[in-house]
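J.: mind folding the following:
(one chain, ligands or ions: 1)
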Amino acid sequence: MTAKSAKSAPGKPDSLAAFDYQSRTRIVFGVDSVERLGELARGLGAKVVLVVTDPGIVTAGHADRVEHILQSCGLGVVVFNEVRENPTTRDVDKCLAVAQSAGIDTIIGLGGGSSMDTAKGCNFLLTNGGRVPDYWGVGKARKPMLPFIAIPTTAGTGSECQSAALIADEHTHQKMACLDPKAAARVAVLDPALTVSQPPLVTAHTGIDAIAHAVETAVTKKRNNFSLMFSHESFKLTVPAFPRVLRNPKDIHARGRMLLGAALAGTAIENSMLGAAHAAANPLTAHYGIVHGEAVGILLPHVVRFNARDRAAKRAYAELASAPEIACVSDGLDSAVEALIARLESLLNAAQIARSLADLGVKRAKTKLLAAEAAKQWTTGFNPRLMLPKDFERLYQAAFQPRGNGR
Ligand SMILES: [Zn+2]
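T.: A predicted model of the protein is given here:
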């Protein structure tokens, strides 16, 4: 969004915010849709494919299955199965060495957000040369990139619908967001059957992350009528489905709703960015190793409360809460926001997310440092209310109080 278009602030009755979005990703959704992978890859001109995945996906049998599907269509396959959580420049370099030695022409990311990020990072370096920091920022790649197919096995990041690769520096752990439309997947294969194998904690953490994406994208400064469609539909799909996948991991219909909801929230992020919950979560992950979904989840109700003091944001939350019929806007904005917070608390409790920062071993004395770092995060600038370090400090302090039981 340009500075000029930002003037047409969302939330004002007659103004529609400007946006510029081109979908670059074909989305193929359905149980066993992964069986179409060979045909889809060939459609992109593939001859030799690199599959980027992690050891857990190998153990679950998904890597072998994908390899077999591709080979049975006459494609050459190389597998890089050493993806680690929160991938670093070292991981990307290792993946690149495999890609270079095999002479590949297509890349597949199979797994969670880390597999997607490693695959995208590898694609940048393979096609454009240089090092990951060269692509830190927006639109730094000069040459076309190889066709990339994303196959998520978690319902969380929505990376399959985003053009960003998140890679950390191996030594400083600084997370670098490399955004480029050329890095977006050409095809996203959303097969709910592949998400059934997730360990329960992964289902819980990634599910909360997806829901947080719907909530944050629904109120950012960049939100617009196009992004709101995705935020609202995502929220409508995931809120009822999340407790179901926690209770019954084999519920394929609920798994499908979570997977599609996560992808739609990813599309919302591409258009609307994220807000203060993500900004405040990153320092918690960096300093205490708290898993992303848990860090975001623990802060989310507090961020909603803080942002809802802005009238336009309050209305946006109330409209979001109306999508899955948690509340009705006509019954009043305040009660709708309270109902939204209560439902989020209930979902967090169902996912067994820690009830306070104290439970996660975070030290109150560190909140000043955490707040200073949160204020510098990229997503802080998109939060509907201005977030200064003192605001983040208050936010962290609030998250030391155990949250409610929800409803
Ligand atoms: Zn997230």
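
J.: could you use CA atoms for every contact and neighbour count after this?
T.: Noted.

J.: show me where this structure has its helices.
T.: 37-43, 55-59, 62-71, 89-102, 113-128, 200-217, 225-247, 252-272, 276-288, 292-307, 311-322, 333-350, 367-375, 389-398 (DSSP state H).

J.: phi, psi for the closest residue to Tyr288 other than its chain neighbours please.
T.: Excluding the flanking residues, the one nearest Tyr288 by C-alpha to C-alpha, 6 or more residues apart in numbering is Val362, at 7.3 Å. Main-chain torsions, Val362, degrees, to the nearest 10: phi -70, psi 140.

J.: and the pLDDT at Val362?
T.: In this model, Val362 is scored at 97, pLDDT.

J.: just checking, it touches His287?
T.: No. In this structure Val362 lies outside contact range of His287 using C-alpha atoms under 8 Å: 9.0 Å.

J.: neighbour-wise, which of these two wins?
T.: Per other C-alpha atoms under 10 Å, whichever of Val362 and His287 has more neighbours is Val362, with 17 against 11.

J.: give me the distance between Arg315 and Cys328.
T.: 11 Å (C-alpha to C-alpha, to the nearest Å).

J.: quick check: buried residues in stretch 395-406?
T.: Going by neighbour count (16 or more other C-alpha atoms under 10 Å), the buried part of stretch 395-406 is Leu395, Tyr396, Gln397, Ala398, Ala399, Phe400, Arg403, Gly406.

J.: before we move on, what about stretch 341-354?
T.: Quick answer for stretch 341-354 (16+ other C-alpha under 10 Å): 341-351, 353-354.

J.: could you do stretch 354-372 as well?
T.: Buried positions in stretch 354-372, judged by neighbour count with 16+ other C-alpha under 10 Å: Ala354, Arg355, Ser356, Leu357, Leu360, Val362, Thr367, Lys368, Leu370, Ala371, Ala372.

J.: picking that back up, can you list the buried residues of stretch 341-354 in TSV and add distance to Glu319 and pLDDT?
T.: Formatted as TSV, those follow (distance: C-alpha to C-alpha, whole Å; pLDDT from 0 to 100):
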residue	distance to Glu319	pLDDT
Ile341	13	97
Ala342	15	96
Arg343	14	97
Leu344	15	98
Glu345	18	97
Ser346	19	97
Leu347	19	97
Leu348	21	98
Asn349	23	97
Ala350	24	97
Ala351	24	97
Ile353	26	97
Ala354	28	96
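
J.: of all those residues, which comes closest to Leu388?
T.: Distances from Leu388 to the buried residues of stretch 341-354, taken as C-alpha to C-alpha, are shortest for Ile341 (22.9 Å).

J.: find the residue closest to the closest one in space, skipping its chain neighbours.
T.: Closest to Ile341 by C-alpha to C-alpha, 6+ apart is Pro301, at 5.6 Å.

J.: pull the contacting residues for the one you found.
T.: Residues in contact with Pro301 (C-alpha atoms under 8 Å, 6 or more residues apart in numbering) are Ile341, Leu344, Glu345.

J.: and Val49, what are its bridge partners?
T.: Here Val49 sits in beta bridges with Val77, Thr106, going by DSSP bridges.

J.: what is the burial count for it?
T.: 25.

J.: then Asp180?
T.: A count of neighbours around Asp180, defined by other C-alpha under 10 Å, yields 21.

J.: Ala141 is in contact with that one, correct?
T.: Yes. Using C-alpha under 8 Å, Asp180 is in contact with Ala141, at 7.0 Å.

J.: per-residue pLDDT of Asn86, please?
T.: 88.

J.: list the contacts for it?
T.: Ser114, Ile167, Ala168.

J.: can you tell me the centre-most residue of the protein?
T.: Thr157 (2.4 Å; C-alpha atoms, centre = their mean).

J.: which residues touch the worst-scoring helix or strand of the chain on mean pLDDT?
T.: Here the helix or strand of the chain ranked lowest by mean pLDDT, DSSP states H and E is strand 175-179, holding a mean of 91. For strand 175-179, the external contacting residues (C-alpha under 8 Å, 6+ apart) are 133, 135-140, 163-169.

J.: show me which of these are buried.
T.: Neighbour-count burial (16+ other C-alpha under 10 Å) applied to these gives Pro133, Tyr135, Trp136, Lys140, Ser163, Ala164, Ala165, Leu166, Ile167, Ala168.

J.: reformat these as TSV; add pLDDT.
T.: Below are the buried ones among the contacts of strand 175-179 laid out as TSV (pLDDT from 0 to 100):
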residue	pLDDT
Pro133	97
Tyr135	98
Trp136	96
Lys140	97
Ser163	95
Ala164	94
Ala165	96
Leu166	93
Ile167	95
Ala168	91
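
J.: quick one: which of those sit in strands?
T.: Those of these mapping onto strands are Ala164, Ala165, Leu166, Ile167, Ala168, per DSSP state E.

J.: out of the contacts of Asn86, who's nearest Lys94?
T.: Ile167 (13.3 Å).

J.: contacts only, for the closest one.
T.: Asn86, Pro87, Thr88, Thr89, Asp117, Thr118, Gly121, Val132, Lys175, Met176, Ala177, Cys178.

J.: same check on Val196?
T.: Taking C-alpha under 8 Å, 6+ apart as the test, what Val196 contacts is Pro249, Lys250, Ile252, Arg255.

J.: distance to Ala295 for the contacts of strand 175-179 - can I get that in a markdown table?
T.: Output for these, formatted as a markdown table (distance: C-alpha to C-alpha, whole Å):
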| residue | distance to Ala295 |
| --- | --- |
| Pro133 | 26 |
| Tyr135 | 27 |
| Trp136 | 24 |
| Gly137 | 24 |
| Val138 | 26 |
| Gly139 | 29 |
| Lys140 | 30 |
| Ser163 | 23 |
| Ala164 | 21 |
| Ala165 | 20 |
| Leu166 | 17 |
| Ile167 | 19 |
| Ala168 | 18 |
| Asp169 | 21 |
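
J.: great, nothing more from me.
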